[in-house]
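A.B. asks: what follows is a protein structure lacking sequence information:
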């Protein structure tokens, strides 16, 4: 199955959405800076929800082609950790020579814990504020790996019913536990990605569509913020357009480039970007120019990380370890798209 470029486009748009939010509305909140109102962007959080939907789609897809939990864990680790460790090191180096926001006050132990990616579980500050969203991803990978190991993914509809019910009950305070590990705040986006995959490739029936719609309503009920009813309806509609092949018109080079650099861009953009904005504003009075210049530098840095650091490392590691899984591939296992 060929690579779906539309997924890269969606990743790029999600990443850009988060970055613009941090450089406008969020920057205003943290530093009390008065941007012109036309530069504000309040819906940056929707980029994360879109990321989670993409993850649900890709993780369920990956589980269709792996032959063991070990292989699944390896592939997901390669997706998360090399770029993460590289970006931590870059942020720390820049922090050592520049006043990077909220980074220099971390202790050595806190820095070491950040390399695990689970620092938030122990309420240890993140080196970069954007890292918080990696824990829901990591817990989702763990949960899906467990389901795969137990052989219960064939009952994913039952799992969906229980999971969505738990989210709603938790929101009402009836089941006030499990929110962190079970992703009760964002799990409906991950779950919808799974059923979007089933609709696209497994000829999902009306039940799968009903589960997707229930995920939408659950998202609106659990995450009650002004405008979410419109924002969430938009990204669910966007994903429907994707699975029915209506987004191919957006397979444009600039958007595909954004998708290519989306992960390192997300990992690097916040604190380094804030420091760039603060520095540029001393010399450049135009806020639009400041944001555009900061974006350009972060795009370039993310591209360097992706092409010249992350990609060679993953290629080397795959040449050493991935063939071990390929050599044990079951005859009936069929590959799906590269992720």
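C.D. replies: Perfect, thanks for sending it. Values in this document were obtained by computation on a predicted structure and should not be read as measured data.

A.B. asks: three-state assignment of residue 200?
C.D. replies: When classified by DSSP: H, G, I helix; E, B strand; the rest coil, residue 200 comes out as helix.

A.B. asks: ok, it touching residue 239?
C.D. replies: No. Look at residue 200 against residue 239 with Cβ atoms under 8 Å: they stay out of range, at 9.7 Å. (Glycine included, C-beta is placed from N, CA and C.)

A.B. asks: which one's more surrounded, those two?
C.D. replies: Taking other Cβ atoms under 10 Å, residue 200 and residue 239 do not tie; residue 239 has more neighbours (25 against 17).

A.B. asks: contacts only, for the more buried one.
C.D. replies: Neighbouring residues of residue 239 by Cβ atoms under 8 Å, 6 or more residues apart in numbering: 10, 53, 192-193, 196.

A.B. asks: then residue 317?
C.D. replies: Contacts of residue 317 (Cβ under 8 Å, 6+ apart): 78, 82.

A.B. asks: helix or strand for it, which one?
C.D. replies: In this structure, residue 317 sits in helix 311-327 according to DSSP states H and E.

A.B. asks: pull out the buried positions in that helix.
C.D. replies: 313-314, 322, 325 (16 or more other Cβ atoms under 10 Å).

A.B. asks: and those residues, which is closest to residue 73?
C.D. replies: Closest approach to residue 73 among these (Cβ to Cβ): residue 325, at 10.7 Å.

A.B. asks: surely the closest one meets residue 66?
C.D. replies: Yes. If you go by Cβ under 8 Å, residue 325 and residue 66 touch, sitting 7.5 Å apart.

A.B. asks: which secondary structure state does residue 258 sit in?
C.D. replies: Residue 258, by the three-state scheme (three-state DSSP), is helix.

A.B. asks: just give me the neighbour total for it.
C.D. replies: Counted with other Cβ under 10 Å, residue 258 comes out at 23.

A.B. asks: show me what contacts it?
C.D. replies: Shown in contact with residue 258 (Cβ under 8 Å, 6+ apart): 9, 11-13, 15-16, 265.

A.B. asks: let's see it at 7 Å
C.D. replies: 12, 15-16 (Cβ atoms under 7 Å, 6 or more residues apart in numbering).

A.B. asks: before we move on, what about residue 43?
C.D. replies: Residue 43 neighbours (Cβ under 7 Å, 6+ apart): 227, 231.

A.B. asks: now the strands for this protein?
C.D. replies: Remark: no strands are assigned in the chain by DSSP state E.

A.B. asks: if we ignore the residues flanking it in sequence, what's nearest the residue most central in space within it?
C.D. replies: The residue lying closest to the centre of the chain (Cα atoms, centre = their mean) is residue 51, at 4.0 Å. Leaving aside its chain neighbours, residue 51 sits nearest to residue 14 (4.9 Å; criterion: Cβ to Cβ, 6 or more residues apart in numbering).

A.B. asks: wait, doesn't that neighbour sit right on residue 47?
C.D. replies: Yes. The criterion here is Cβ atoms under 7 Å, and residue 14 meets it with residue 47 at 4.1 Å.

A.B. asks: and of the contacts of residue 239, the nearest to residue 153?
C.D. replies: Nearest member of the contacts of residue 239 to residue 153, counting by Cβ to Cβ, is residue 193, at 14.1 Å.

A.B. asks: Provide a list of residues in contact with the closest one.
C.D. replies: Residues near residue 193 by Cβ under 7 Å, 6+ apart: 53-57.

A.B. asks: of these, closest to residue 295?
C.D. replies: residue 54 (21.7 Å).

A.B. asks: dump the residue contacts of that closest one.
C.D. replies: By Cβ under 7 Å, 6+ apart, the neighbours of residue 54 are 7, 10-11, 193.

A.B. asks: can you read off the pLDDT for it?
C.D. replies: The model reports residue 54 with a pLDDT of 97.

A.B. asks: least confident secondary structure element in the chain?
C.D. replies: Each helix and strand of the chain was given a mean pLDDT (mean pLDDT, DSSP states H and E); the minimum falls on helix 27-31 at a mean of 80.

A.B. asks: buried sites along that helix?
C.D. replies: So helix 27-31, judged by 16+ other Cβ under 10 Å, has buried residues residue 27.

A.B. asks: remind me what it packs against, helices and strands.
C.D. replies: Applying 3 or more Cβ pairs under 7 Å, 6 or more residues apart in numbering; DSSP states H and E, one finds that helix 27-31 contacts no other helix or strand.

A.B. asks: switch to 10 Å and redo it
C.D. replies: If you count contacts as 3 or more Cβ pairs under 10 Å, 6 or more residues apart in numbering; DSSP states H and E, helix 27-31 packs onto helix 262-283, helix 287-304.

A.B. asks: who touches both of residue 200 and residue 239?
C.D. replies: Common neighbours of residue 200 and residue 239, counting by Cβ atoms under 10 Å, 6 or more residues apart in numbering, are residue 57.

A.B. asks: out of the helices and strands packed on helix 27-31, flag the one nearest residue 116.
C.D. replies: Among the helices and strands packed on helix 27-31, the nearest to residue 116 by Cβ to Cβ is helix 262-283 (15.0 Å).

A.B. asks: which parts of that closest one are buried?
C.D. replies: Those would be 262-278, 280, for helix 262-283 by 16+ other Cβ under 10 Å.

A.B. asks: counting neighbours, what do you get for the closest residue to residue 157 other than its chain neighbours?
C.D. replies: Nearest residue to residue 157 in three dimensions, chain neighbours excluded: residue 207, at 6.3 Å (Cβ to Cβ, 6+ apart). Applying other Cβ under 10 Å, we find 13 residues neighbouring residue 207.
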